[in-house]
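In: The sequence isn't on hand, but the structure is:
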């Protein structure tokens, strides 16, 4: 099972952590894991390139666990309110997408959110 924990501060989504293998298929042939990886990299690239914001991420090469933190999603780190809302909204959109996936894949995914300061 993959557990994805989203981080929020004062209602703004600013990051997430993905831990574990979904178990939907064999390693290297798991379409659900591939979907998570693709959406995660899309999100990272969109923040860095489309929104010209920094995003910190760490990928464990052995386990493929990943942690993504985008401080620019928070008002105290980003003075441009439009950019801040765009970055936070993108992470929130990923949360909602995973909630949709969870409906049919609850035995492979666990999605939660926590209020946590950086």
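Out: Looks like it arrived, so ask away. All figures in this text were calculated on a predicted structure; none of them were measured in a lab.
In: which helices and strands sit right next to the helix or strand harbouring residue 34?
Out: Taking DSSP states H and E as the criterion, residue 34 maps to helix 31-45. Helices and strands touching helix 31-45, as assessed by 3 or more Cβ pairs under 8 Å, 6 or more residues apart in numbering; DSSP states H and E, comprise strand 2-9, strand 66-69, helix 81-105. Every C-beta, even on glycine, is put in place using the N, C-alpha and C of the backbone.
In: Present the ones you listed as TSV; the columns should include distance to residue 18.
Out: Rendered in TSV, the data for the helices and strands packed on helix 31-45 read as follows (distance: least, Cβ to Cβ, whole Å):
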stretch	distance to residue 18
strand 2-9	5
strand 66-69	5
helix 81-105	10
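In: any chance of the ones you listed in CSV, with mean neighbour count too?
Out: Written out in CSV, the entries for the helices and strands packed on helix 31-45 read as follows (neighbours: other Cβ atoms under 10 Å):
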stretch, mean neighbour count
strand 2-9, 20
strand 66-69, 19
helix 81-105, 16
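In: Quick one: closest of these to residue 57.
Out: Shortest distance between residue 57 and the helices and strands packed on helix 31-45, using Cβ to Cβ, is found for strand 66-69: 4.5 Å.
In: Please work out which residues outside the closest one touch it.
Out: When contacts are taken as Cβ atoms under 8 Å, 6 or more residues apart in numbering, the neighbours of strand 66-69 outside the stretch itself are 7, 14-18, 40, 43-44, 55-60, 118.
In: if we can go back for a sec, would you mind listing the buried residues in the helix holding residue 34?
Out: Applying a neighbour-count criterion of 16 or more other Cβ atoms under 10 Å, one finds 32-33, 35-36, 40, 43-44 buried in helix 31-45.
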